[in-house]
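1. The sequence isn't on hand, but the structure is:
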């Protein structure tokens, strides 16, 4: 490859790396803000309900995860992280069988008029942890949950972005070696 082509590729890679670094800095600032909001809202809920009403003694004896991290590989081979709720299907997991059963349940006029009724199946979705603290929980507790959920989503985005930055740095070092340039100290 000619040196001008390598230099152009190096320039575009550097620009992308700087854009990714700016995005990383912005997302980290937002993550810090969300976590801070979450802790502040949790403190407000403890104040409103009493310190003993919001604590480890109210946790369920059997906890279910409220989020799962899915790791997938993008077309360029980079790992991407996504946070999903258990039981939620990603678009690639939905097949014709699920679509068929969904469409059958929507057909009008099909209902059972006589006969034994089946007990409702237990839901596969985990129970909302806010119910551990009572039925009427303060709004600040709901805000804390939402802030921490947003923070979890941002953490997955940051992890994906850091993978992309590391890939860009390795590509940049490879191009620098090809051009016989000294890598600059970071």
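-> Received the coordinates, thanks. What you see is a predicted model; the values in this text were computed from it and never measured.

2. how far away is residue 36 from residue 145?
-> Going from residue 36 to residue 145 by C-beta to C-beta, to the nearest Å gives 15 Å. For the C-beta atoms, the positions are set from N, CA and C on the backbone; glycine is no exception.

3. And the host helix or strand of residue 152, what does it pack against?
-> In the assignment (DSSP states H and E), residue 152 maps to helix 139-179. Helix 139-179 sits against helix 3-49, strand 79-84, with contacts defined as 3 or more C-beta pairs under 8 Å, 6 or more residues apart in numbering; DSSP states H and E.

4. Next, the angle helix 139-179 makes with the following helix or strand past the first one.
-> Spelled out, it's helix 3-49. Moving toward the C-terminus from helix 3-49, the next helix or strand (DSSP H and E) is strand 68-73. Orientation note: strand 68-73 sits at an angle of 20 degrees relative to helix 139-179 (axes from the mean of the first three to the mean of the last three C-alpha atoms, to 10 degrees).

5. Just give me how far the helix holding residue 152 sits from the chain centre.
-> The chain centre lies 11 Å from the centre of helix 139-179; the measure is C-alpha atoms, centre = their mean, to the nearest Å.

6. now stretch 68-76
-> On C-alpha atoms, centre = their mean, the centre of stretch 68-76 falls 12 Å from that of its chain.

7. Which of residue 36 and residue 145 has more residues huddled nearby?
-> Legend: neighbour count by other C-beta atoms under 10 Å for residue 36 and residue 145, higher for residue 145 (19 against 12).

8. May I have the residues that are in contact with the nearest residue to that one once chain neighbours are set aside?
-> In space, residue 145 comes closest to residue 130 once its chain neighbours are excluded; the distance is 6.2 Å by C-beta to C-beta, 6 or more residues apart in numbering. Contacts for residue 130 (C-beta atoms under 8 Å, 6 or more residues apart in numbering) come out as 137, 141, 142, 145.

9. Check residue 172 too.
-> Residues near residue 172 by C-beta under 8 Å, 6+ apart: 10, 13, 14, 17.

10. What subset of the residues you listed is buried?
-> Among the contacts of residue 172, those classed as buried by 16 or more other C-beta atoms under 10 Å are 10, 13, 17.

11. And the first one, how close does it get to residue 157?
-> From residue 10 across to residue 157, the span is 27 Å (C-beta to C-beta).

12. Per-residue pLDDT of the closest residue to residue 161 other than its chain neighbours, please?
-> In space, and not counting its chain neighbours, residue 161 is closest to residue 24: 5.2 Å by C-beta to C-beta, 6+ apart. Listed pLDDT for residue 24 reads 97.

13. okay, now residue 24: neighbour count?
-> Applying other C-beta under 10 Å, we find 16 residues neighbouring residue 24.

14. Can you verify my assumption that it contacts residue 158?
-> Yes: the pair residue 24 / residue 158 is scored as a contact, 6.6 Å apart, by C-beta atoms under 8 Å.
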